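K.L.:
Here is the input, now give the coordinates:
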Amino acid sequence: MLYLILGLLLFVGTHSVRIVADGWRTRTRARLGALRWRALYTLLSLLGFVLITWGFGQARQMPVQLWSPPLALRHLALLLTLLSFVLLAAAYVPGNRIKARLHHPMTAAVMLWALAHLLANGNLAHVILFGTFLVWSVLVFLAAKKRDEQGDTRYSQGNTGATGITVALGVALWIAFTLWLHGLLIGVRPFG
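P.N.:
Now for the predicted structure:
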């Protein structure tokens with residue numbers, strides 16, 4: 001469990017610098033240069049991700065069960081992850097109305113993904129991993145909305161075609177991940 005927690009601290013900490021120390025981030029980035037800043041950011045993020053993956057794998061071998069989620073919550077989790085994949089696609093498909101409305105669909109996707117996994121899993125490692133990501137994504141979303149209100153950020157209104165592509169891509173990614181990739185990469189098949 002120690003490696004999972006260290007990995008989360010490193011990964012989430014790296015991704016939270018803009019929230020808790022934006023001035024320091026700006027000064028350090030200027031001092032190091034954009035390329036060196038990105039390299040350091042990427043290195044720390046990857047190290048955190050590796051520790052999370054390793055620590056979570058170890059914790060799954062000796063699970064501490066806190067509760068047993070009812071089957072209905074697993075069905076709800078599937079729906080939430082479907083919405084999460086659509087939001088993830090919205091972060092990358094230009095000109096869609098979902099991004100125009102939410103402004104930060106990637107962060108909203110992480111929120112739904114984390115909530116879904118908290119609902120469907122009741123052991124301690126899941127609560128630590130997905131609870132951390134849920135709290136972090138809510139804080140990031142609120143901070144980003146606050147920056148939007150204070151700045152001159154403008155978002156396009158989006159169009160129907162791009163929105164349709166976004167939804168189709170999100171659904172296709174969800175199907176691929178749910179039916180094949182989740183079992184292959186995580187070792188758990190959501191549909192049994």
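K.L.:
Need the contact partners of the host helix or strand of Gly161.
P.N.:
Using DSSP states H and E, Gly161 sits in helix 160-176. Contacts to helix 160-176, defined as CB atoms under 8 Å, 6 or more residues apart in numbering, come from residues 81-82, 85-90, 93-99. C-beta coordinates here come from the backbone N, C-alpha and C atoms, glycine included.
K.L.:
Go through the helix or strand just after it and flag the buried ones.
P.N.:
Later in the chain than helix 160-176, the nearest helix or strand by DSSP H and E is helix 182-186. Residues of helix 182-186 classed as buried under the neighbour-count rule (16 or more other CB atoms under 10 Å) are His182.
K.L.:
so how far is helix 182-186 off the chain centroid?
P.N.:
17 Å (CA atoms, centre = their mean, to the nearest Å).
K.L.:
now do stretch 76-86
P.N.:
Put simply, stretch 76-86 sits 13 Å off its chain's centre (CA atoms, centre = their mean).
K.L.:
do the same with stretch 127-143
P.N.:
Per CA atoms, centre = their mean, the displacement of stretch 127-143 from the mean C-alpha position of its chain is 8 Å.
K.L.:
Give me the mean pLDDT for that stretch.
P.N.:
The average pLDDT for stretch 127-143 rounds to 96.
K.L.:
any idea how far the residue nearest the centre of the chain is from Leu134?
P.N.:
Per CA atoms, centre = their mean, the C-alpha nearest to the average position across the chain is that of Val110, at 3.0 Å. The gap separating Val110 from Leu134 is 8 Å, by CB to CB, to the nearest Å.
K.L.:
what sits against Tyr155?
P.N.:
Lys99, Ala100, His103.
K.L.:
Counting neighbours, which of those comes out on top?
P.N.:
The most crowded member of those, judged by other CB atoms under 10 Å, is Lys99 (25 neighbours).
K.L.:
so what's that residue scoring on pLDDT?
P.N.:
94.
K.L.:
That one contacts Ala91, doesn't it?
P.N.:
Yes. Applying CB atoms under 8 Å as the test, Lys99 and Ala91 come out as touching, 6.7 Å apart.
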